[in-house]
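A.B. asks: build the 3D model from these lines:
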Amino acid sequence: MPATIYDNPDHELLREQVARFLAREVEPHAAAWEDAGMVPREVLRRMGQAGLLGLMFEGAYGGGDADALTNLVFAEALSQSTFAGFVITVLVHTDMAGPHLHHAGSAAQKARYLPRVTAGDMVTAVGITEPGAGSDVAGIRTSARQEGDAWVLNGTKMFITNGVHADLYFIAAKTGSARHDVTMFIVEKGTPGFSVGRALHKTGWLSSDTAELVLDNVRLPQANVLGEVGKGFYSVMKNFQTERIALAAMAVGHCTQALRLTLDHVRQRQAFGATLWDKQAIRQRIAMLDAKTRAARQFMYHCAWSVTQGKDIVQEVSMLKALTGELVNEVVQNCQQFHGGMGFIRETAIERLWRDARVLSIGGGATEVMLEEVAKRY
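C.D. replies: Model (predicted):
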């Protein structure tokens, strides 16, 4: 991957470390994980042993004390894998669920859970989306009411990545009548009343497990409240920035790999007495797709750098998520087209990228929602 103006030598070392891990531990085995519908726990433990889980978390709990730029380098490097089910399994753990504990957890909560999270011994998931509420967090219907010293949760969560096999869940619930009165709770697997309703079968991300979660009179002690009561909505909004930059990294990573695969293919594929690369229309379209990808990548790094400067960049991150979610579908579909019939055959990397890319304009904030977030800040 080309360097950016925000890079330092440690970033390149991290890219190389992740690339070695992917080549050794992921690429030879990930097709079997697609068939199994899950990433083996031992792979996550090996990532933890390599110091690759929780780079942004505190060093006292096994994290790397890294900034947003370093965390982006990791997410983009990880997304060089063409097995996005593996990638999203990890990024939900490190960038979408785990940060709730990192940002809002008490010292006791962090001491209890974060060392196991960074070691890969405890896999995390975040339960916000419901059958009737996704990006509209204030519209969730899962409720939590106080009974003495306990909280009782009831509701259903939907489309929860890592939902089947996680050990630790961060669940959003309404704790009052006001629209934004939302509180986050820590729920461990095995808590009475908490269950996986069903595993969901998807078009892509096949090695990533996705679930419906059911909370039926789940009783939690006060110690399981994550952050302040009634302030969970704002915690979710804060974490969306990290999540959306990570999803942009996935999109840019997919674009990069699709273009690499396609350049290799068109330089070899013969048609009508010449290679496809010799067709002016094809090479010019590839050049434009590459130009768009490089521009989006620079914007992505600028957003991460702005986070390190403490800037309010909700508008820019919303732009980034909308832009990259649409771009990855444009790039991958065009690259698939240049593969001809082979691009429609299962087990080819370009076909897998095509399936996996589709959700990136939906998950983590659909394009239309992101553009509204942009527009209302003008």
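
A.B. asks: show me where the protein has its helices.
C.D. replies: For the chain, the helices defined by DSSP state H cover 9-21, 30-36, 41-49, 68-78, 84-91, 98-104, 107-119, 232-268, 280-308, 314-338, 349-357, 367-375.

A.B. asks: helices or strands up against the third one?
C.D. replies: With contacts defined as 3 or more C-beta pairs under 8 Å, 6 or more residues apart in numbering; DSSP states H and E, the secondary structure elements packing on helix 41-49 are helix 84-91, helix 107-119. (C-beta placed from N, C-alpha, C; glycine too.)

A.B. asks: please repeat the previous calculation with a cut-off of 7 Å.
C.D. replies: Using 3 or more C-beta pairs under 7 Å, 6 or more residues apart in numbering; DSSP states H and E as the contact criterion, the elements in contact with helix 41-49 are helix 107-119.

A.B. asks: what do you get for the last one?
C.D. replies: On a contact count with 3+ C-beta pairs under 7 Å, 6+ apart, helix 367-375 meets helix 314-338.

A.B. asks: strands of the stretch 51-200 of the chain, start to end?
C.D. replies: Using DSSP state E, counting those that start in this stretch, the strands of the stretch 51-200 of the chain run over residues 124-127, 143-147, 150-161, 168-174, 182-188, 194-199.

A.B. asks: mean neighbour count, mean pLDDT and distance to G62 for the helices of the chain - can I get that in JSON lines?
C.D. replies: Formatted as JSON lines, the helices of the chain follow (neighbours: other C-beta atoms under 10 Å; pLDDT from 0 to 100; distance: least, C-beta to C-beta, whole Å):
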{"stretch": "helix 9-21", "mean neighbour count": "15", "mean pLDDT": "96", "distance to G62": "17"}
{"stretch": "helix 30-36", "mean neighbour count": "15", "mean pLDDT": "96", "distance to G62": "25"}
{"stretch": "helix 41-49", "mean neighbour count": "17", "mean pLDDT": "97", "distance to G62": "8"}
{"stretch": "helix 68-78", "mean neighbour count": "25", "mean pLDDT": "96", "distance to G62": "15"}
{"stretch": "helix 84-91", "mean neighbour count": "27", "mean pLDDT": "98", "distance to G62": "16"}
{"stretch": "helix 98-104", "mean neighbour count": "23", "mean pLDDT": "95", "distance to G62": "11"}
{"stretch": "helix 107-119", "mean neighbour count": "18", "mean pLDDT": "97", "distance to G62": "4"}
{"stretch": "helix 232-268", "mean neighbour count": "22", "mean pLDDT": "95", "distance to G62": "19"}
{"stretch": "helix 280-308", "mean neighbour count": "17", "mean pLDDT": "97", "distance to G62": "22"}
{"stretch": "helix 314-338", "mean neighbour count": "22", "mean pLDDT": "98", "distance to G62": "27"}
{"stretch": "helix 349-357", "mean neighbour count": "22", "mean pLDDT": "97", "distance to G62": "30"}
{"stretch": "helix 367-375", "mean neighbour count": "17", "mean pLDDT": "97", "distance to G62": "33"}
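
A.B. asks: now those helices in a markdown table, with distance to V152?
C.D. replies: Formatted as a markdown table, the helices of the chain follow (distance: least, C-beta to C-beta, whole Å):
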| stretch | distance to V152 |
| --- | --- |
| helix 9-21 | 42 |
| helix 30-36 | 36 |
| helix 41-49 | 31 |
| helix 68-78 | 36 |
| helix 84-91 | 31 |
| helix 98-104 | 21 |
| helix 107-119 | 20 |
| helix 232-268 | 16 |
| helix 280-308 | 37 |
| helix 314-338 | 34 |
| helix 349-357 | 38 |
| helix 367-375 | 31 |
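
A.B. asks: just so I know, which of these lies nearest A199?
C.D. replies: Nearest to A199 among these is helix 30-36; the distance by C-beta to C-beta comes to 11.9 Å.

A.B. asks: sorry, back to before: which of the helices of the chain sits closest to N154?
C.D. replies: Nearest to N154, of the helices of the chain and by C-beta to C-beta, is helix 232-268 at 16.2 Å.

A.B. asks: now the closest one and helix 84-91, what's the angle there?
C.D. replies: Helix 232-268 and helix 84-91 are oriented at 150 degrees to each other (axes from the mean of the first three to the mean of the last three C-alpha atoms, to 10 degrees).

A.B. asks: quick check: angle from helix 232-268 to helix 367-375?
C.D. replies: Angle, helix 232-268 to helix 367-375, by the same axes, to 10 degrees: 120 degrees.

A.B. asks: the helices of the chain: which one's closest to F159?
C.D. replies: Here helix 84-91 is closest among the helices of the chain (C-beta to C-beta), at 12.0 Å.

A.B. asks: pull the residues that contact that closest one.
C.D. replies: 26, 30, 33-34, 39, 47, 75, 78-79, 81, 161-162, 204-208, 246, 250, 254, 356 (C-beta atoms under 7 Å, 6 or more residues apart in numbering).
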